[in-house]
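S.K.: when you get a sec, could you give me coordinates for this:
(one chain, ligands or ions: 1)
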Amino acid sequence: MNQVLIDQHFSQGTLTPFGKIEMNPSSGILNYGQGLFEGLKAHRTANGRILLFRPEQNAMRMKVGAKRMCMQAPTVEQFVNAVKQTVHSNKRWVPPPGKGAMYIRPLLMGSGPVLGVAPASEYTFITYASPVGNYHKGVLNLIVEEKFRRAIPGGTGEVKAVTNYAIIYKPIAEAKAKGFTDVLFLNAEKYIEEVSTTNIFLVKGNEILTPPTSGTILPGITRKSIIEITHVLGYQVKERAIPVEELFDAEEVFCTGTAVGVNSVNSITYQDTRIAYKRGAGTVGQELYEMLTGIQTGRIEDKMGWTVELD
Ligand SMILES: *Cc1c(COP(=O)(O)O)cnc(C)c1O
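M.R.: Residues are numbered from 1 along each chain as shown. Presented below is the predicted three-dimensional model:
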């Protein structure tokens with residue numbers, strides 16, 4: 001699905017077979033990274049329906065990001081329609097229930113030529129899709145990152161800018177070289193922020209904690225959904241600043257994101273001290289995972305009105 005912006009409006013999109021796209025060498029995206037990405041999934045239910053999970057949330061997040069990056073964004077309707085058409089035309093590739101999902105990747109980019117430092121004059125919105133298996137990162141053993149920062153106040157850490165991930169490859173590579181799975185980023189005041197591509201929650205007694213999305217944390221749609229689910233399940237969730245030392249007092253830690261759903265953390269290492277956490281049966285993380293994926297896959301009735309069925 002491919003739409004180009006002309007005169008402040010995105011033209012009617014067209015479906016084209018997946019393949020290479022032509023870019024102007026002086027486009028805003030290639031030269032200065034003027035671009036945003038999104039990610040969402042479509043699931044096949046046991047009775048053969050195909051469900052999208054909160055696609056309008058991704059559309060709205062792209063609109064917010066576009067303001068920050070001085071870009072034009074498609075309307076929520078255009079975004080959701082593009083996603084629907086992309087999944088629809090690739091219906092046969094949506095995996096059977098329990099075998100994964102179809103991952104949809106919307107991209108918004110400055111496609112007009114700009115040599116000077118300025119927003120591009122033309123924008124292109126593309127969505128493509130790929131079937132994905134159940135995402136297992138294996139056991140999550142994190143290390144608290146004390147040298148690199150993924151976001152700074154006033155930066156673009158709270159929007160899904162295409163530039164957000166290239167800068168975390170190095171900290172991840174260094175963590176992997178030391179035998180860890182991923183890194184937990186802190187802010188300058190040593191409060192916890194998030195793991196490279198997922199948001200983080202701590203379970204302490206009967207409280208669930210997560211840092212507030214106040215500028216340097218990506219406002220995950222899974223994060224938001226988990227907070228809403230915890231309310232339904234009768235847990236107390238607090239969005240508040242969490243000093244890194246509180247990692248020592250938590251019984252459970254879990255990460256949330258479209259790729260993983262809810263993923264329990266096995267251990268976090270902070271300044272050479274390894275803290276182990278509860279995982280598996282009977283944990284809050286497990287209960288939330290079951291509820292979230294149950295709604296997404298049609299196994300549990302969607303009383304939240306989150307899923308959008310493809311006709
Ligand atoms: C996309 C993303 C997340 C997760 O967001 P979801 O909407 O839940 O998939 C978390 N952190 C970062 C940095 C991200 O880019």
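S.K.: drop to CA atoms for contacts and neighbour counts, all remaining ones
M.R.: Noted.
S.K.: quick one: mean pLDDT over stretch 26-40.
M.R.: When pLDDT is averaged over stretch 26-40, the result is 98.
S.K.: now the end-to-end length of that stretch.
M.R.: In terms of CA to CA, to the nearest Å, the two terminal residues of stretch 26-40 are separated by 30 Å.
S.K.: could you list the buried residues of it?
M.R.: The neighbour-count check on stretch 26-40 (16 or more other CA atoms under 10 Å) flags 26-30, 32, 34-40 as buried.
S.K.: for V183, give me its contacts.
M.R.: With contact set as CA atoms under 8 Å, 6 or more residues apart in numbering, V183 has these partners: L142, I143, V144, E145, P171, I172, A175, V195, S196.
S.K.: so it, which state does it fall into?
M.R.: Secondary structure, DSSP: H, G, I helix; E, B strand; the rest coil: V183 is strand.
S.K.: contact partners for Q296?
M.R.: H43, L51, L52, F53, T307.
S.K.: re the thing from before, closest to S264 among the contacts of V183?
M.R.: L142 (11.1 Å; CA to CA).
S.K.: run through the neighbouring helices and strands of the helix or strand hosting the closest one.
M.R.: In this assignment (DSSP states H and E), L142 forms part of strand 140-145. The contact analysis (3 or more CA pairs under 8 Å, 6 or more residues apart in numbering; DSSP states H and E) places strand 140-145 against strand 182-186, strand 261-270.
S.K.: whichever helix or strand comes after the first one close to the ligand?
M.R.: Pointing back at strand 182-186 there. Counting by DSSP H and E, the element after strand 182-186 in chain order, helix or strand, is strand 192-195. No. Applying CA under 6 Å from any ligand atom, one finds strand 192-195 separated from the ligand by no less than 6.7 Å.
S.K.: after strand 192-195, next one along is what?
M.R.: Sequence order places strand 199-204 as the next helix or strand after strand 192-195, per DSSP H and E.
S.K.: tell me the domain ranges of the protein?
M.R.: Domain assignment of the chain by automatic domain parsing yields the ranges 2-132, 141-297.
S.K.: can you list these in a markdown table and add distance to K303?
M.R.: Formatted as a markdown table, the domains of the chain follow (distance: least, CA to CA, whole Å):
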| stretch | distance to K303 |
| --- | --- |
| domain 2-132 | 13 |
| domain 141-297 | 9 |
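S.K.: so for D311, which of those domains sits nearest?
M.R.: Closest approach to D311 among those is made by domain 2-132 (8.2 Å; CA to CA).
S.K.: please state the offset of that closest one from the chain centre?
M.R.: With CA atoms, centre = their mean, to the nearest Å as the basis, domain 2-132 stands 14 Å off its chain's centre.
S.K.: stretch 301-311 too?
M.R.: 19 Å.
S.K.: so does that stretch get close to the ligand?
M.R.: No. Using CA under 6 Å from any ligand atom, we find that stretch 301-311 stays clear of the ligand, coming within 13.5 Å at best.
S.K.: now render the helices and strands packed on strand 140-145 as JSON lines, adding distance to M60 and mean pLDDT.
M.R.: Below are the helices and strands packed on strand 140-145 laid out as JSON lines (distance: least, CA to CA, whole Å; pLDDT from 0 to 100):
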{"stretch": "strand 182-186", "distance to M60": "26", "mean pLDDT": "98"}
{"stretch": "strand 261-270", "distance to M60": "20", "mean pLDDT": "97"}
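S.K.: quick one: closest of those strands to the ligand.
M.R.: The ligand sits nearest to strand 261-270 of all those, at 7.7 Å, using CA to the nearest ligand atom.
S.K.: list the pairing partners of the closest one within its sheet, with orientation.
M.R.: Sheet pairing here is set by DSSP bridges, and for strand 261-270 it gives strand 140-145 (parallel), strand 252-257 (antiparallel), strand 273-276 (antiparallel).
S.K.: what comes into contact with it?
M.R.: For strand 261-270, contacts defined as CA under 8 Å, 6+ apart pick out 139-144, 222, 247, 252-256, 274-280, 285-286, 288-289, 292-293.
S.K.: of the residues you listed, buried ones?
M.R.: Buried residues within the contacts of strand 261-270, counting neighbours by 16+ other CA under 10 Å: 140-144, 222, 247, 252-256, 275-279, 285-286, 288-289, 292.
S.K.: filter those residues to keep only those in contact with the ligand.
M.R.: Restricting those to those near the ligand by CA under 6 Å from any ligand atom leaves T222.
S.K.: does stretch 25-35 come close to the ligand?
M.R.: No. Using CA under 6 Å from any ligand atom, stretch 25-35 never reaches the ligand; the gap is at least 13.1 Å.
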